[in-house]
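Participant: coords please:
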Amino acid sequence: MAGPLSHIRVLDLSRILAGPWSAQILADLGAEVVKVERPGAGDDTRSWGPPFLKDEAGDDTTEAGYYLSVNRAKRSITVALETPEGQQIIRELAARSDILIENYKYGTLARFGLSYEDLKKINPRLIYCSVTGFGQTGPKREHPAYDFLIQGMGGLMSVTGERDGQPGGGPQKVGVPIIDLMTGMYATVAVLAALAKRDVLGVGDQIDIAMLDVQVAALANQAMNYLVSDKVPQRNGNAHPNIQPQDVYPCKDGDLILVVGNDSQFIKFCNVLGRPELPSDERFATNPARVRNRVSMNEIIVAELAKQGRTHWVDALEAVGVPCGPINNIAEVFEIPQVIEREMLRMVPHPLGGAVPQVASPMRFTASPLEYTQAPPLLGQHSADILKELGYGSDEIAAFQARKII
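Facilitator: You can find the predicted model right below:
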């Protein structure tokens, strides 16, 4: 592949989402990624459907949409890690890899002789990234975790959702597994930093990424709001806790997202709204004042916006540089001209479905453009090829298959 990491090899021992997301980012960047899966079953997400990819006849295949979202541009080999032969295959793959990503429960790979301490003896340059729910230390290190659980434990759900006492009030999780995704992104940043350091020192590193740590870090302004005020942030629906007006507002024919980010934008907004006097009102003259007087300000805004349709307001506000827009469903997202122009939807040839849709990486490189030519692999699709590259003969590979080692 032509990406900027085309010289890097990654051994992906992860499953579900956080680890595979990181490995897919590296694959998009051009790295050669070998995905190791359980014989006969594979990554759990292969069966997390419906929906499943349709074949050319319109029938369901065995490839779930969930799996297809996070595993493109990888090669799949099945290996029974609990067997001595399987463990040896992993050692041989690690010996030629730059990065290893795994998300087994604490201590599992050590029991197989595949810990960082074991593999760095074979390959001192190996960067070994462990992605778990709670990390390699602490009282919960042996506990399993999923994104939903971490969103709740880590405080995100306490500030997500409509206010208590309002229709639909109560804690809500984010509509995508955001902590899995952010954990994968942090893991990618970490391994790339370790690669840069390896260029200086010549040796690899061990990286410990915990989903709960990521969630705590991602509390961002809400965490700091609490730490500097000693007041626990509450759910506030769509209203921004620190910047106003930023909320969802009803128009004559639909809802409008309004994102006023500073005082000058507020002045422009009020002019379009037909209320140019509002910025001179001491209740609304500055952002801190607007935050404190949000309820009375919103009563005025809602009354004015209800006089016209959403398209009217979007056109008028965009013309003066005030950020605003509709709330699109997923289908509408892929109809946005900007999304189409940026080619965020790609079709990649697939051995079962003719072609599989893929949401492109948001990264754009001029000198090393990313390519989208390899679909998420079938289970064990490349097992024989990879073993041949390691020096195994056809008879050995057939014996491994017969004994369910691969």
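
Participant: so Gly135 makes contact with Gln215?
Facilitator: No: Gly135 is beyond contact range of Gln215, at 12.0 Å (criterion: CB atoms under 8 Å). Placement of C-beta: from N, CA and C, glycine included.

Participant: of the two, who's got more company?
Facilitator: Legend: neighbour count by other CB atoms under 10 Å for Gly135 and Gln215, higher for Gln215 (23 against 17).

Participant: quick one: the helices in the stretch 251-400 of the chain?
Facilitator: Along the stretch 251-400 of the chain, counting by DSSP state H, counting those that start in this stretch, helices occupy 263-273, 287-292, 294-305, 310-319, 330-333, 337-341, 383-389, 394-402.

Participant: and those: which comes nearest Arg75?
Facilitator: Shortest distance between Arg75 and the helices of the stretch 251-400 of the chain, using CB to CB, is found for helix 383-389: 6.4 Å.

Participant: just how off-centre is that closest one within its chain?
Facilitator: Offset of helix 383-389 from its chain centre (CA atoms, centre = their mean, to the nearest Å): 30 Å.

Participant: point out where this protein drops to low pLDDT.
Facilitator: 1 (pLDDT under 70).

Participant: give me the most central residue, it.
Facilitator: Residue closest to the mean C-alpha point of the chain, counted by CA atoms, centre = their mean, is Leu181 at 2.4 Å.

Participant: roughly how far does the nearest residue to Leu81 once chain neighbours are set aside sit from Gly391?
Facilitator: In this structure, Leu81 finds its nearest non-sequential neighbour in Phe112, 5.4 Å apart by CB to CB, 6 or more residues apart in numbering. To Gly391, Phe112 is 22 Å away according to CB to CB, to the nearest Å.

Participant: more crowded one of the two?
Facilitator: Phe112 (17 against 8).

Participant: picking up where we left off before, what values do phi and psi take at the residue nearest to the centre of the chain?
Facilitator: With angles defined as degrees, to the nearest 10, Leu181 sits at phi -70, psi -40.

Participant: from what I can see it touches Pro20, true?
Facilitator: No: using CB under 8 Å, Leu181 is not in contact with Pro20, being 10.7 Å away.

Participant: excluding chain neighbours, what is closest to the most far-flung residue of the chain relative to its centre?
Facilitator: Here the chain reaches farthest from its C-alpha mean at Glu277, the gap being 43.7 Å by CA atoms, centre = their mean. Closest residue to Glu277 apart from its sequence neighbours, by CB to CB, 6+ apart: Cys270 at 7.7 Å.
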